[in-house]
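Student: What shape does this take:
(one chain, ligands or ions: 2)
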Amino acid sequence: MDISIVIPLFNEAESLPELHRWINQVMRNHHFEYETIFIDDGSTDDSWSIIEKLQKDDPRVRGIRFRRNYGKSAALNVGFEHTQGDVVITMDADLQDSPEEIPELYKLIKSEGYDLVSGWKKKRYDPISKTIPTKLYNYVTSKMSGIQLHDMNCGLKAYTSDVVKNIEVYGEMHRYIPVIAKWAGFKKNR
Ligand code: UDP
Ligand code: MG
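Tutor: Ligands and ions are numbered 1, 2, ... in the order given. Have a look, this model is predicted:
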């Protein structure tokens, strides 16, 4: 299998059908062999019933459900345990990350030999109370780790299967996966 797409989600019923449609369209256009793994992190809206329906209609969809809200890192961690693809893509469920980026991320891992590639939200529509802490966090993390990334916390990332099977993320650690990957001995990132 070429690609596993891992999507942690908490109360994202509204965007799931469109996200699923959009992913399938991009993946089919590129003739990828792929799976989409939705991890419902204890949603209280209709997210899980939507995932069940997607799963029934589309054999490429796999759903995992938490009994309560454990957080994005825990959801990613469980998703990583289930991936079968050579390349693992993570993305947020709220349509802030575009599936159109997946083919390019895949190419960077598969052909250019990167272990980890991070997306970068170029436009941030967030209020300033959110962008300033984000800039500070990106600055401090990059200074401390020596990793130069514009947007460490961007949900859209690509990994080799080797990376996701060899790192463990919990707590709030999803924000620092590139750093964890580096500690685990994976060097090439972008
Ligand atoms: N998410 C999750 N568990 C949580 C909070 C968020 O799985 O407890 C998911 C959320 O549904 C989305 C992704 O993690 O798919 C990123 O969350 P959010 O959009 O709130 O983060 P931001 O865009 O502010 O980084
Ligand atoms: Mg978001």
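Student: What distance do you get for Ser73 to ligand 1?
Tutor: Per Cβ to the nearest ligand atom, to the nearest Å, Ser73 is found 9 Å from ligand 1. Where you see a C-beta, it was placed from the backbone N, CA and C, and this is true even at glycine.
Student: and that residue, how many neighbours?
Tutor: Residues lying near Ser73 (other Cβ atoms under 10 Å) number 20.
Student: does it really touch Gly171, like I thought?
Tutor: Yes. In terms of Cβ atoms under 8 Å, Ser73 counts as a neighbour of Gly171; the distance is 5.9 Å.
Student: how close does Ala75 sit to ligand 2?
Tutor: Distance of Ala75 to ligand 2, given as Cβ to the ion, to the nearest Å: 14 Å.
Student: so that residue sits right up against Arg68, yeah?
Tutor: No. Look at Ala75 against Arg68 with Cβ under 8 Å: they stay out of range, at 11.7 Å.
Student: neighbour count winner among the two?
Tutor: The neighbour comparison of Ala75 against Arg68 (other Cβ under 10 Å) goes to Ala75, with 27 against 7.
Student: quick one: what helix or strand has the residue lying closest to the more buried one once chain neighbours are set aside in it?
Tutor: Distances taken as Cβ to Cβ, 6 or more residues apart in numbering put Pro8 closest to Ala75, at 3.4 Å, once the chain neighbours are dropped. In this structure, Pro8 sits in strand 3-9 according to DSSP states H and E.
Student: Please apply the same query to Leu108.
Tutor: Assessed by DSSP H and E, Leu108 sits inside helix 102-110.
Student: mean confidence for the helix or strand just after that helix?
Tutor: Using DSSP H and E, the next helix or strand after helix 102-110 towards the C-terminus is strand 116-118. Averaging pLDDT along strand 116-118 gives 90.
Student: can you tell if the next helix or strand after strand 116-118 touches ligand 2?
Tutor: For strand 116-118, the succeeding helix or strand toward the C-terminus, using DSSP H and E, is helix 128-145. No. Helix 128-145 is not in contact with ligand 2 by Cβ under 5 Å from the ion; minimum separation 10.2 Å.
Student: Pull out the buried positions in the one helix or strand in the chain whose mean pLDDT sits lowest.
Tutor: Within the chain, no helix or strand scores below helix 128-145, which has a mean of 75 by mean pLDDT, DSSP states H and E. With burial defined by 16 or more other Cβ atoms under 10 Å, the residues of helix 128-145 counted as buried are 138, 141-142, 145.
Student: which residues are in contact with it?
Tutor: 124, 126, 147-153, 175-176, 178-179, 182 (Cβ atoms under 8 Å, 6 or more residues apart in numbering).
Student: Of the residues you listed, keep whichever come out buried.
Tutor: Among these, those buried by neighbour count (16+ other Cβ under 10 Å) are 147, 149, 151-153, 175-176, 178-179, 182.
Student: and those, which two are the farthest apart?
Tutor: Within the buried ones among the contacts of helix 128-145, two members stand farthest from each other by Cβ to Cβ: Asp151 and Lys182, at 16.6 Å.
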